[in-house]
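# what's the 3D shape of this:
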Amino acid sequence: MQQHLTIVDHPLIQHKLTLMREKTTPTAVFRQLLHEISLLLGYEVTRDLPTTTRRIETPLMEMDAPVLKGKKLALVSILRAGNGLLNGVLELIPSARVGFVGLYRDEKTLEPVQYYFKVPEGLKDRRVIAVDPMLATGNSSAKAIELLKQAGATDIRFMCLLAAPEGVARMKEAHPDVPIVTAALDERLNEKGYILPGLGDAGDRMFGTK
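Prediction:
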C-alpha cells in the first residue's frame, strides 16, 4: 500500500503546473498542459502495479520478461473536469477500461448528488484509478469513491492535479485505504470552496466556459 498522499514534485510537472496557474494562459494551452501533466502523474499512480513474467524470444535469445499481471485497469473520470486527466492516462494505458461518475453539488444541502454512473464490469478484480483535477472540499471525490466501492472496487487510487488540506483530510477520513497522487498540496480553501492559490475552476478553464 502506498502512503495516503503522494506529492509528485518532478521539475517538469511543477513547471507545467505554474504555467497552468497563470490566469493569462489560454484555454488551448491549459488543456495541452493538463494532458502532459496527466501523463507524468500517470507514471506515479501506476508505480506499484503488480507484474508477472512471460517467456518471450528477443532477436538474440529467449528470456522471462516482465508484463502486467491481472485484469486490465479501470480508469474512472469524475465528470466533467476529470476528462482532462483521463485522456492523458488513457494514452499511457490504452488498453484500460473506462468509466464515468457524474456528480453535482446541491446548492441547498451542499451535498454531492449523482446524475450519471457507468463503469466497467468486474471492478473487484481491477485496479481502479479515479481522476479529477481538483480535490477541494473532498465531498464529491469521497462520494465518487463510495459509489465505486458499492460497484465492487477494492483496489482504488485517486489522482488529481491540485489538492487542498481540507480535501485530503476528508478523503482520509472517508477512505483511508485510497492513496492520493497529486502534483501539489495548496494552502487552503476560500469561502466558496475554491483552492487557494489554485488555478480557478479547472473545468471552465479547460473547456472555455467562463
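# mind jotting down where the strands sit in this protein?
Secondary structure of the chain (DSSP state E): strands at 5-7, 51-57, 62-68, 74-79, 97-105, 112-118, 127-131, 134-135, 155-163, 180-185, 188-189, 195-196.
# angle of the fourth one against strand 97-105?
Taking axes from the mean of the first three to the mean of the last three CA atoms, to 10 degrees, strand 74-79 and strand 97-105 form an angle of 30 degrees between their directions.
# which elements pack onto strand 74-79?
When contacts are defined as 3 or more CB pairs under 8 Å, 6 or more residues apart in numbering; DSSP states H and E, strand 74-79 packs onto helix 82-92, strand 97-105, strand 127-131, helix 139-150. C-betas here are computed from N, CA, C, even on glycine.
# rebuild the ones you listed as a markdown table, extending it with mean neighbour count.
Below are the helices and strands packed on strand 74-79 laid out as a markdown table (neighbours: other CB atoms under 10 Å):
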| stretch | mean neighbour count |
| --- | --- |
| helix 82-92 | 21 |
| strand 97-105 | 18 |
| strand 127-131 | 26 |
| helix 139-150 | 20 |
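# could you save these as JSON lines and add columns showing mean pLDDT?
Shown next, in JSON lines, are the helices and strands packed on strand 74-79 (pLDDT from 0 to 100):
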{"stretch": "helix 82-92", "mean pLDDT": "91"}
{"stretch": "strand 97-105", "mean pLDDT": "91"}
{"stretch": "strand 127-131", "mean pLDDT": "95"}
{"stretch": "helix 139-150", "mean pLDDT": "94"}
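# low-confidence stretches in this protein?
Within the chain, the stretches with pLDDT under 70 are 1-2, 110, 210.
# any figure for the gap between the residue of it most remote from its centre and T53?
The centre of the chain is farthest from one residue, L60, which by CA atoms, centre = their mean lies 40.2 Å away. As for L60, its distance to T53 is 18 Å (criterion: CB to CB, to the nearest Å).
# about what we covered before: now the helices and strands packed on strand 74-79 in TSV, with distance to H10?
Converted to TSV, the helices and strands packed on strand 74-79 look like this (distance: least, CB to CB, whole Å):
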stretch	distance to H10
helix 82-92	15
strand 97-105	26
strand 127-131	18
helix 139-150	23
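# between the ones you listed, which gets nearest to H4?
Closest approach to H4 among the helices and strands packed on strand 74-79 (CB to CB): helix 139-150, 12.9 Å.
# can you name the residues that contact the spatially closest residue to L161 that is not a sequence neighbour?
Closest residue to L161 apart from its sequence neighbours, by CB to CB, 6 or more residues apart in numbering: P133 at 4.1 Å. Going by CB atoms under 8 Å, 6 or more residues apart in numbering, P133 touches 34, 81-82, 84-85, 160-162, 202-203, 206.
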